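Asks: how would this look folded up:
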Amino acid sequence: MSGVQPPPCEMYFFLVTCCFSFIFFYNSLAIKPLPSWACDMRLLSLYLWKDSSFSHIAKSIRNIILGVILPFFTSRMSCKKKNSSKVESVENPPEMSLLDLPDLVLESILEKLPPEGLCRMGSVCTSLRERCMSDHLWEKLMKTKWGRIVGPSAYREWQWYIASRKGSVFFNQSNPRGLMAYLNQLWPVALIRSSFGSISNKNNFPPLNSTMSLYFALESGKFWFPAQVYNRENGHIGFMLSCYDAELRYDQQTDTFEARYPPHGRRASPIETCVTWDRLRAPATDTSPHDLHISDCLNELHPGDHIEIQWRRNKEFPYGWWYGVVGHLETCDGNANYCRCHDNDTAVLEFNQYSLGSRWRRTTIDRKRHREEGNEADGFYGGIRKLCSNEEISTWKKMWPSQELE
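Replies: Below you'll find the model as predicted:
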């Protein structure tokens, strides 16, 4: 019987029996289904195979797999996804977007961000971009960093500056540093993600008259603004305890300023570099450095009051503000119970940074008819302003020279 071959029908019966046995065995395995990502990866390998280039035989095998096996796995995967989606919908509720927060909460978050944080947040989407350019957010940042040295005259200069320009202050930045470099890296992302179109469209940036534009114009150093500098020209002995008007621009690399002073007659405008923040302030008055300040406090001056007075070397020089105190008349012994110096038409001004024998130590003014007084030898004294702020007085005392001046 060993040489007798089994009939074909028995062979078919054997194959069918083996197939059904395998199917029953496969379905009886107590194996947990693979996670959805495993099925995805399995299909991904098939799709990658689909895009690969092989020989003619490999292509034939690929076609068989894609035509027979892929639908089988796809049908099983879809069933598993249907079953798992019900579980996931219960276990993983939909995530909340930042824009789903109440407006008040979202504004509170944005108000606490630094400039870099607002730029980063503005690059997320169009809606956040518009919020992050809001003036009220940047006004707080302006007040925090620039409020002490940027005054009304700087804002007026800014209006003249933007009236003479077209486009945005964010363009034409050569070798930007610091916050400007950070903005140049981040803001185009917002433009690409938004529906406003090309990055080259300058209208996508904040308008020129926005507070954000002013902030970055100051940061970039492209905007020269008026302010005043204590102890000009690196604390030159001839300018100790004075404060002079200048045009300033910021240097991000050194975190200092470059100061450009008004010209002295025929001399070119002196320029000073590396001016630190503590030597700057916003202009105390709107008076031009070439004009006499109209004094409105002369009748209120008492001995011991702190004052600033305009002084210039000659008529061609601009005025600077010099620190002093109101003193007693020579006929007064300084006793507060009997002192009547404040009722006298003459007021004594003392500059105690100078030694007792110095000609700059003491001067007098007429309360009723005070205008510019002086001569070419001693200089010219101009308007007076009384200091009522402890902060202003303490700032002057911090500038006090280490030794008396002659």
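Asks: residue boundaries of the helices in the stretch 201-350 of the chain?
Replies: Remark: helices of the stretch 201-350 of the chain, listed N- to C-terminal, are 211-220, 232-235; assignment by DSSP state H, counting those that start in this stretch.
Asks: Would you mind listing the buried residues in the last one?
Replies: Within helix 232-235, the residues that qualify as buried by neighbour count (16 or more other Cβ atoms under 10 Å) are 232-233. C-betas here are computed from N, CA, C, even on glycine.
Asks: What helices and strands are in contact with it?
Replies: strand 242-251, strand 271-275 (3 or more Cβ pairs under 8 Å, 6 or more residues apart in numbering; DSSP states H and E).
Asks: Determine which of those approaches P152 most closely.
Replies: Set against P152 and scored by Cβ to Cβ, the helices and strands packed on helix 232-235 come closest in strand 242-251, at 13.9 Å.
Asks: End to end on stretch 302-322, go ahead and measure it.
Replies: Between the start and the finish of stretch 302-322 there is a gap of 18 Å, counting by Cα to Cα, to the nearest Å.
Asks: What's the mean pLDDT across that stretch?
Replies: Averaged over stretch 302-322, pLDDT sits at 95.
Asks: The stretch 151-300 of the chain: strands as residue ranges?
Replies: Counting by DSSP state E, counting those that start in this stretch, one finds strands in the stretch 151-300 of the chain at the ranges 225-230, 242-251, 256-260, 271-275, 280-281.
Asks: Buried deepest among these, which one?
Replies: Of these, the one with the most neighbours on average (mean count of other Cβ atoms under 10 Å) is strand 225-230, at a mean of 24.
Asks: Neighbouring strands - and their directions - for it?
Replies: Taking DSSP bridges as the criterion, strand 225-230 pairs within the sheet with strand 242-251 (antiparallel), strand 280-281 (antiparallel).
Asks: mean confidence score for it?
Replies: Throughout strand 225-230, pLDDT has a mean value of 97.
Asks: Please list the outside residues in contact with it.
Replies: Strand 225-230 is contacted by residues 149-151, 153-154, 157-158, 218, 242-249, 259, 261, 272, 275, 279-284, 321, 395, 399 when judged by Cβ atoms under 8 Å, 6 or more residues apart in numbering.
Asks: Pipe the helices and strands packed on helix 232-235 into JSON lines and attach mean pLDDT and distance to D296 per row.
Replies: As requested, the helices and strands packed on helix 232-235 are arranged in JSON lines below (pLDDT from 0 to 100; distance: least, Cβ to Cβ, whole Å):
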{"stretch": "strand 242-251", "mean pLDDT": "96", "distance to D296": "20"}
{"stretch": "strand 271-275", "mean pLDDT": "95", "distance to D296": "31"}
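Asks: now these as TSV including distance to R120?
Replies: Listed next are the helices and strands packed on helix 232-235 as TSV, based on distance: least, Cβ to Cβ, whole Å:
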stretch	distance to R120
strand 242-251	22
strand 271-275	31
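Asks: Please identify which of those is closest to F380.
Replies: Put simply, out of the helices and strands packed on helix 232-235 the one that sits nearest F380 is strand 242-251, at 14.1 Å, with distance taken as Cβ to Cβ.
Asks: contacts for the closest one?
Replies: For strand 242-251, the surrounding residues in contact (Cβ under 8 Å, 6+ apart) are 149, 218-232, 257-262, 272-273, 275, 280-281, 283-284, 289, 308, 311, 318, 320-323.
Asks: Could you do stretch 283-294 as well?
Replies: 151-153, 226-228, 243-245, 262, 308, 310, 318-321, 371-372, 382-385.
Asks: and if we set it to 7 Å?
Replies: Contact with stretch 283-294 is made by 151-153, 226-228, 245, 262, 308, 310, 318-319, 321, 372, 382-383, 385, as judged by Cβ atoms under 7 Å, 6 or more residues apart in numbering.
Asks: for stretch 128-139, same thing?
Replies: Counting by Cβ under 7 Å, 6+ apart, the neighbours of stretch 128-139 from elsewhere in the structure are 110-111, 118, 121-122, 190, 194, 206, 210-212, 215.
Asks: Can you select the buried ones from those residues in PyMOL?
Replies: Typed into PyMOL, the next command selects the buried ones out of the contacts of stretch 128-139 (criterion: 16+ other Cβ under 10 Å):
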select buried, resi 110+118+121+122+190+206+210+211+212+215
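Asks: so which pair among the contacts of stretch 128-139 is furthest apart in space?
Replies: When Cβ to Cβ is used, the two most widely separated members of these are E111 and S194, lying 23.1 Å apart.
Asks: How much space separates L301 from L349?
Replies: 9 Å (Cβ to Cβ, to the nearest Å).
Asks: who touches both of those two?
Replies: Contact with both L301 and L349 is made by residues V326, according to Cβ under 7 Å, 6+ apart.
Asks: low pLDDT regions in this protein?
Replies: For the chain, the stretches flagged by pLDDT under 70 are 1-94, 166-204, 265.
Asks: does I271 really touch R260, like I thought?
Replies: Yes. If you go by Cβ atoms under 7 Å, I271 and R260 touch, sitting 5.4 Å apart.
Asks: Count residues in the vicinity of R129, would you?
Replies: Applying the criterion other Cβ atoms under 10 Å, we find 23 residues in the vicinity of R129.
Asks: Assign a three-state SS to it, would you?
Replies: Using DSSP: H, G, I helix; E, B strand; the rest coil, the structure places R129 in helix.
Asks: hang on, the earlier thing: are any of the contacts of stretch 283-294 buried, and if so which?
Replies: Taking 16+ other Cβ under 10 Å as the criterion, what is buried in the contacts of stretch 283-294 is 151, 153, 226-228, 245, 262, 308, 310, 318-319, 321, 382-383, 385.
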